[in-house]
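Participant: For reference, the sequence and a predicted model appear below.
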Amino acid sequence: MSLQVEPWEVLAEKRLSEIGETLLVGSGKGGVGKSVVSAALALALAKKGYKVGLFDLDVHGPSIPAILGIKNVRLTGSRRGLEPVPHRGMKVMSLAFLVGDNPLPLKGAAKTEVVEDIISNTDWGSLDYLVVDLPPGTGDEMLLSTRIFRRHTHRFLVVATPSIIALSVVKRLVSLLRDEKIRIAGIVENMATLPGGAPHPGSQLLEKYAETENLRVLAKIPFDETLEEVLLKGAGLENAPRFWHAVEGLAESLTGT
Ligand SMILES: Nc1ncnc2c1ncn2[C@@H]1O[C@H](COP(=O)(O)OP(=O)(O)OP(=O)(O)O)[C@@H](O)[C@H]1O
Ligand SMILES: [Mg+2]
């Protein structure tokens with residue numbers, strides 16, 4: 001392993017030193033709700049009066065602007081770097097602002113370079129919380145970003161669904177995070193109920209795993225039938241009440257306020 005510090009890291013270090021805490025939202029698996037949870041968590045924290053940034057680092061499917069209904073953004077910059085977009089009391093930066101709807105057909109090193117560039121060039125200023133929507137899986141981009149954030153105050157939120165299929169993926173991710181010396185805040189169980197409200201049959205299994213591993217279940221977010229319509233209408237995530245209420249609880253348990 002090279003101990004050499006790259007120029008992008010020096011710049012990134014400087015920016016991250018102005019951030020109170022980074023909340024890394026990730027999962028080993030795609031489609032479990034990382035992006036909707038990140039967006040709602042950032043909003044809930046901003047509503048509590050914290051200075052919040054929301055960073056969409058998903059190289060392949062940056063979806064935060066679509067979730068928040070942010071359209072037609074033209075990024076601006078100054079000598080200090082790229083300006084995040086103000087939205088409902090928080091600051092938002094997404095790879096989607098750079099590439100629009102175009103695919104980003106990048107491989108290996110080029111992909112990690114894009115992530116390095118956006119981390120080192122985004123000018124957040126000072127923040128209480130930076131919520132990061134990480135790319136799915138445990139690939140290079142995810143590791144690269146966690147390695148830079150872990151040098152600063154951070155907690156990792158493992159988003160998981162209670163499906164038996166997801167459990168082995170969660171186990172692998174937790175073991176990787178521990179090897180990487182990343183602080184795990186706990187597990188966010190998403191879609192913890194079935195559509196209709198009945199408890200998910202796999203929920204107990206996930207709880208048992210968390211207990212064995214000494215991990216907190218930070219929130220149990222129910223399946224909310226209204227969420228898709230709220231997203232479609234761009235109505236604001238607060239309008240999916242069961243989902244929103246659980247995420248507010250998550251924000252409370254993370255901040256103690
Ligand atoms: N609690 C919930 N209730 C109902 N639908 C949900 C819930 N959580 C997530 N969804 C839906 O599941 C889908 C996937 O969510 P999302 O895009 O946030 O997942 P992701 O983990 O970010 O996916 P990817 O790995 O592709 O980035 C979305 O259509 C979202 O609306
Ligand atoms: Mg996503």
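Facilitator: Yep, that arrived. Ligands and ions are numbered 1, 2, ... in the order given.
Participant: burial of Gly20, as a residue count?
Facilitator: 14 (other C-beta atoms under 10 Å). For every residue, glycine as well, the C-beta is placed using N, CA and C.
Participant: Next, it: phi, psi?
Facilitator: With angles defined as degrees, to the nearest 10, Gly20 sits at phi -60, psi -60.
Participant: Look up how far Asn121 lies from it.
Facilitator: Using C-beta to C-beta, to the nearest Å, we find Gly20 at a distance of 21 Å from Asn121.
Participant: In terms of helix, strand or coil, where does the closest residue to His200 other than its chain neighbours fall?
Facilitator: Excluding the flanking residues, the one nearest His200 by C-beta to C-beta, 6 or more residues apart in numbering is Pro162, at 4.4 Å. Under DSSP: H, G, I helix; E, B strand; the rest coil, Pro162 falls in the coil class.
Participant: Strands of the chain, start to end?
Facilitator: Counting by DSSP state E, residue ranges of the strands within the chain are 19-26, 52-56, 77-78, 81-82, 85-87, 90-94, 127-133, 154-160, 184-190, 217-221.
Participant: Including mean pLDDT, could these go into CSV?
Facilitator: Converted to CSV, the strands of the chain look like this (pLDDT from 0 to 100):
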stretch, mean pLDDT
strand 19-26, 97
strand 52-56, 97
strand 77-78, 84
strand 81-82, 92
strand 85-87, 96
strand 90-94, 97
strand 127-133, 98
strand 154-160, 97
strand 184-190, 98
strand 217-221, 98
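Participant: Tell me which of the ones you listed is the most buried.
Facilitator: Compared across the strands of the chain, strand 52-56 shows the largest average neighbour count, a mean of 27 (mean count of other C-beta atoms under 10 Å).
Participant: got a list of contacts for that strand?
Facilitator: Outside of strand 52-56, the residues within contact range by C-beta atoms under 8 Å, 6 or more residues apart in numbering are 19, 35, 38-39, 42, 45-46, 62-65, 84, 89-96, 122, 124, 127-133.
Participant: and that strand, which strands flank it?
Facilitator: Paired neighbours of strand 52-56 in the sheet (DSSP bridges): strand 90-94 (parallel), strand 127-133 (parallel).
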